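S.K.: Let me see the structure of the following:
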Amino acid sequence: MNAAIIVAAGRGERMHSDKNKVFLPLLGVPVIVHTVRAFSDSGLFGDLIVVCSTQNQDEMRELLSSYGFDQVRLVPGGATRQASVLCGLRALPKGTNYVAIHDGARPLVSRRVLEDALRQAADKGNAIVAVPLKDTIKRAQPDGLILETPDRASLYSIQTPQVFDYAEIIAAHETYADRQTATDDAMLMEWTGKAVYLSMGDPENLKITTPEDLAVAEQILIRRGMKEADKPMEMRIGHGYDVHKLVPDRDLILCGVKVPYERGLLGHSDADVAAHALMDAMLGAAAMGDIGYHFPDTDPAYSGADSMKLLERVREIIAADGWKVSNADLTIICQRPKLRPFIEAMRDSLAGHLNICRERISVKATTTEHLGFEGEGLGISTHAVVMLERGGSDCLRDEKSNG
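M.R.: Prediction:
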């Protein structure tokens, strides 16, 4: 009997999410469900284990059961990936023939890759799924000095699954459990002196590590013919408001556009009042706090910060939970200067940093007829309203219209 261990015990800090990345939606279906389905539907494995952290056991069990994967066994993981794999290996019966060890965050693995790896493992004893490197690789010193350019023809990017003879891989794991930490299971086999062989992988067998990876994976699934899960699209509306004082000797930055004026806005960052209102609206709609929480003005790291960079960071934060901006409407309130000549540049700037088409961005400017602090020229305020959506198609930025 062949078995598969799907490792899903990580936290995924680079996704900037409070939850394990394998629970994040991919075309409306959690990443781990796509991964488990690939192995379950293949019919190639008699035993299927998902290793996850103890605190996620109940959530994982309920999730897999809701998608009909009651046959999948859950095993608590360890403090490291290597320890988690060993936990999974120890849960398999001794009569297991070959075991495929796979990352839970690689949901696009194909049946062809699984079949080829198992076939090679039966022939050579193991199979490490990999793809040839496309890029030129440089080895360099910490200061950036290039030391050499390795021959790309002999270099490969390693993926999973990695398939091994069960007795050999559990022996390797037991041997190095308390001695050394390997970056993958193949390295443990190499340390034992065993010959290890590559098996051809697939460039689409990517690992979900960043919010951008989710977007790429969605497009791959759509091209494969998969549609959004049959459930209502979730939508939320958020409102943001911000105000900053006008002072001399500061640049006036609005929506990332420098506006010529004798005064600028005072703040810890570049004081882009419009961008700040927009970020608060996005975070508010996603119920993820506000910019003061994520970028406190007590942190010197944000002194003079470019608000467009912070906007991109907010986009990543909400994307990690599956949210994207559907449209945004900003109203900038100031008596002076006149902003009409800069409105289109502001729309282009926001669209570019949010990676959506400019037709979904509205920027307006108004005065207060000389009433209030805006009317007296003491400061500028902005109201922003944003709609977020989770699921559905993207309206990507049109390079032609955005310039």
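
S.K.: Okay, and G10 sits in which element?
M.R.: Using DSSP states H and E, G10 falls within no helix or strand.

S.K.: quick one: contacts for it?
M.R.: Residues counted as contacts of G10 (C-beta atoms under 8 Å, 6 or more residues apart in numbering) are N20, K21, V22, R81, G104, A105. Every residue, glycine included, has its C-beta placed from N, CA and C.

S.K.: From A274, how far out is the fifth one?
M.R.: Right, the one you point to is G104. As judged by C-beta to C-beta, to the nearest Å, G104 and A274 stand 40 Å apart.

S.K.: How about the first one?
M.R.: Distance, N20 to A274, using C-beta to C-beta: 35 Å.

S.K.: neighbour count winner among these two?
M.R.: A274 (31 against 24; other C-beta atoms under 10 Å).

S.K.: What strand or helix carries L48?
M.R.: Residue-wise, L48 maps onto strand 47-52 under DSSP H and E.

S.K.: ok, and for that strand, which residues are buried?
M.R.: Across strand 47-52, burial judged by 16 or more other C-beta atoms under 10 Å covers D47, L48, I49, V50, V51, C52.

S.K.: Select from the contacts of G10 the one having the most neighbours.
M.R.: Going by other C-beta under 10 Å, V22 tops the contacts of G10 with 30 neighbours.

S.K.: isn't there a strand covering that one?
M.R.: No. Counting by DSSP: H, G, I helix; E, B strand; the rest coil, V22 is not found in a strand; it is helix.

S.K.: ok, it touching P30?
M.R.: Yes. Assessed by C-beta atoms under 8 Å, V22 is found in contact with P30 at 6.8 Å.

S.K.: Show me the shaky parts of this protein.
M.R.: 11-18, 227-233, 391-403 (pLDDT under 70).

S.K.: Give me the contact list for the lengthiest strand in the chain.
M.R.: Longest strand of the chain, by residue count under DSSP state E: strand 234-248. Strand 234-248 is contacted by residues 252, 262-267, 271, 273-274, 276-287, 323, 326, 373, 377-391 when judged by C-beta under 8 Å, 6+ apart.

S.K.: among the residues you listed, which ones are buried?
M.R.: Buried, going by 16+ other C-beta under 10 Å: 252, 263-265, 267, 271, 273-274, 276-286, 323, 326, 373, 379-391, out of those.

S.K.: Contacts only, for the nearest residue to H244 once chain neighbours are set aside.
M.R.: Nearest residue to H244, sequence neighbours excluded (C-beta to C-beta, 6 or more residues apart in numbering): L265, at 3.9 Å. With contact set as C-beta under 8 Å, 6+ apart, L265 has these partners: H244, K245, L246, V247, R250, L252, I253, A271, D272, V273, G379, I380.

S.K.: Show me which residues of stretch 352-368 are buried.
M.R.: Result for stretch 352-368 [16+ other C-beta under 10 Å]: buried residues G352, H353, L354, N355, I356, C357, R358, R360, I361, S362, V363, A365.

S.K.: which one of the residues you listed sits closest to R37?
M.R.: R37 lies nearest to N355 out of the buried residues of stretch 352-368, by C-beta to C-beta, at 28.7 Å.

S.K.: From what I see, the closest one and R315 are in contact.
M.R.: Yes. N355 is in contact with R315 according to C-beta under 8 Å; the separation is 7.2 Å.

S.K.: Could you tell me how many residues sit around A3?
M.R.: The burial count for A3: 23, using other C-beta under 10 Å.

S.K.: which residue packs closest to it, ignoring adjacent ones?
M.R.: Nearest one to A3, counting by C-beta to C-beta, 6+ apart, is D47 at 3.9 Å.

S.K.: I'd guessed that neighbour sits against M1; true?
M.R.: Yes. In this structure D47 lies within contact range of M1 using C-beta under 8 Å: 6.3 Å.

S.K.: overlap in contacts of these two?
M.R.: P93, T96.

S.K.: Can you show me the helices along this protein?
M.R.: Remark: helices assigned in the chain by DSSP state H are 31-42, 57-66, 81-90, 111-124, 166-176, 185-191, 211-223, 273-285, 291-294, 307-319, 343-354, 372-375, 399-402.
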